[in-house]
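Peer 1: What follows is a protein structure lacking sequence information:
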Ligand SMILES: Cc1cc2nc3c(=O)[nH]c(=O)nc-3n(C[C@H](O)[C@H](O)[C@H](O)COP(=O)(O)OP(=O)(O)OC[C@H]3O[C@@H](n4cnc5c(N)ncnc54)[C@H](O)[C@@H]3O)c2cc1C
């Protein structure tokens, strides 16, 4: 047994092995045989429903949904560690699919913690019943997300999306961009300004918004360079009327979003790791079979050195993920700092792993049908999800030195 098995419980090992088989038997063959689908400009067609139905059969589609509503509840003591384990495996098959599923897990955790009981009773069973049911979390706006991540807590940096209570409904106007699952979700969590006089920490509220809410339009599916099997979308709200009881958190929503973002950053890193593992596995096979200069590539010292670097980065990141995920599960004081460190460091390390994979494959590495450049493209996306690398670095320093750190915003 190697170390990555050794630290898992028997339940976690079984779950990991089940997901591993699902990826090898269902997902990887689909991606390999249908690589052109990635470039289909019909977003709805890219991932067949059977892939999600199979995910359902092995119980990973409804993670985070309480058992009383038919979901698959994980042991709360190790929930985030198990999320990490499973999402790494799924992303080893395809990071877009992992995004689709992980978004449902994270938003389910948020709803479990913040949604009133009657909304949980209504929406969780629908999610459980329908394999195509996706959830989305809408924060980013055209004016940028970095100020929100910092957060730059002054009225001038507040969200442009505004919500006003009128005749028993919240009337919401605004626009959201770059939203994971935004194109095809059935249910959205939407953040909007409800107090223009104060900064976003005390003036942002969150709402649960069904897709068919009058005034909501899904305006676009973004054609991204990577993670293309997840449909990233744009939304506009024009006098969108949300019933008063669909409010999740009034004014203080940013502070409460930690239940989403802490597991979220672990999931970003573990999906990112899965992309690196796929790059390593394909490269390890290639260098042991492809002969150049009279010997399989692995016999060339420069190749061995690169392969060792790839493997070392992967194991170091996996150890860091375990450490940070444990901090989140056990609610340790520096969990936030570790999550931000982990998210940006992983994105940079796995980018290097995928670059080595590309180089070791030579010309083959850039051919679409070989699938190596896909991993490079998928890896590039992670630097920009859940805050950029630089903004994450600022958050690390703000967490470590709250009294002396800068605001790192509004440099005028
Ligand atoms: C594939 C994908 C999926 C996503 N999914 C979601 C989602 O589900 N929900 C959601 O709400 N958002 C989502 N996002 C948005 C994501 O969180 C933002 O793209 C990210 O936080 C960066 O924000 P921005 O794109 O607006 O960049 P900007 O904020 O415009 O930043 C542009 C550049 O300026 C730099 N910068 C900005 N401000 C500062 C500063 N104060 N100091 C120094 N440098 C600065 C940034 O580091 C970056 O390099 C997603 C993005 C992608 C790419």
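Peer 2: Structure received. Just so you know, these numbers come straight off a predicted model, no measurement behind them. Numbering: from 1, shown residues only.
Peer 1: Look up how far residue 300 lies from the residue lying farthest from the centre of the chain.
Peer 2: Within the chain, residue 294 marks the point farthest from the mean C-alpha position, 43.5 Å out by Cα atoms, centre = their mean. Separation of residue 294 from residue 300 (Cβ to Cβ, to the nearest Å) stands at 10 Å. C-betas here are computed from N, CA, C, even on glycine.
Peer 1: Then residue 106?
Peer 2: 43 Å.
Peer 1: what about these two, which has more around it?
Peer 2: residue 106 (26 against 16; other Cβ atoms under 10 Å).
Peer 1: Isn't the more buried one up against residue 265?
Peer 2: No: Residue 106 is beyond contact range of residue 265, at 10.1 Å (criterion: Cβ atoms under 8 Å).
Peer 1: Let me see the ranges of the helices in the stretch 151-300 of the chain.
Peer 2: 200-203, 253-256, 258-289 (DSSP state H, counting those that start in this stretch).
Peer 1: now these as TSV including mean neighbour count, mean pLDDT and distance to the ligand?
Peer 2: Output for those, formatted as TSV (neighbours: other Cβ atoms under 10 Å; pLDDT from 0 to 100; distance: least, Cβ to the nearest ligand atom, whole Å):
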stretch	mean neighbour count	mean pLDDT	distance to the ligand
helix 200-203	18	97	13
helix 253-256	19	95	12
helix 258-289	23	96	9
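Peer 1: right, and the ones you listed - which one's nearest residue 22?
Peer 2: Nearest to residue 22, of all the helices of the stretch 151-300 of the chain, is helix 258-289, at 13.1 Å by Cβ to Cβ.
Peer 1: Which elements pack onto the closest one?
Peer 2: Identification of packing neighbours for helix 258-289 by 3 or more Cβ pairs under 8 Å, 6 or more residues apart in numbering; DSSP states H and E yields helix 79-93, helix 95-114, strand 295-296, helix 301-329, helix 335-360, helix 372-381.
Peer 1: could you redo the ones you listed as a markdown table and give each row mean pLDDT and distance to the ligand?
Peer 2: Below are the helices and strands packed on helix 258-289 laid out as a markdown table (pLDDT from 0 to 100; distance: least, Cβ to the nearest ligand atom, whole Å):
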| stretch | mean pLDDT | distance to the ligand |
| --- | --- | --- |
| helix 79-93 | 97 | 13 |
| helix 95-114 | 96 | 7 |
| strand 295-296 | 96 | 37 |
| helix 301-329 | 97 | 19 |
| helix 335-360 | 98 | 10 |
| helix 372-381 | 98 | 5 |
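Peer 1: What residue in the stretch 301-412 of the chain comes nearest to the ligand?
Peer 2: In the stretch 301-412 of the chain, no residue comes nearer to the ligand than residue 388, which is 3.5 Å away by Cβ to the nearest ligand atom.
Peer 1: That residue against residue 148, yeah?
Peer 2: No: taking contacts as Cβ under 8 Å, residue 388 lies outside contact range of residue 148: 12.0 Å.
Peer 1: And those two? Which one has more around it.
Peer 2: residue 148 (23 against 16).
Peer 1: ok, residue 135 - contacts?
Peer 2: For residue 135, the contacting residues are 103, 104, 107, 108, 127, 181, 185, 186, 187, 188, 189, by Cβ atoms under 8 Å, 6 or more residues apart in numbering.
Peer 1: Using JSON lines, lay out those together with neighbour count.
Peer 2: Formatted as JSON lines, the contacts of residue 135 follow (neighbours: other Cβ atoms under 10 Å):
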{"residue": "103", "neighbour count": "22"}
{"residue": "104", "neighbour count": "27"}
{"residue": "107", "neighbour count": "26"}
{"residue": "108", "neighbour count": "26"}
{"residue": "127", "neighbour count": "24"}
{"residue": "181", "neighbour count": "25"}
{"residue": "185", "neighbour count": "27"}
{"residue": "186", "neighbour count": "17"}
{"residue": "187", "neighbour count": "22"}
{"residue": "188", "neighbour count": "26"}
{"residue": "189", "neighbour count": "25"}
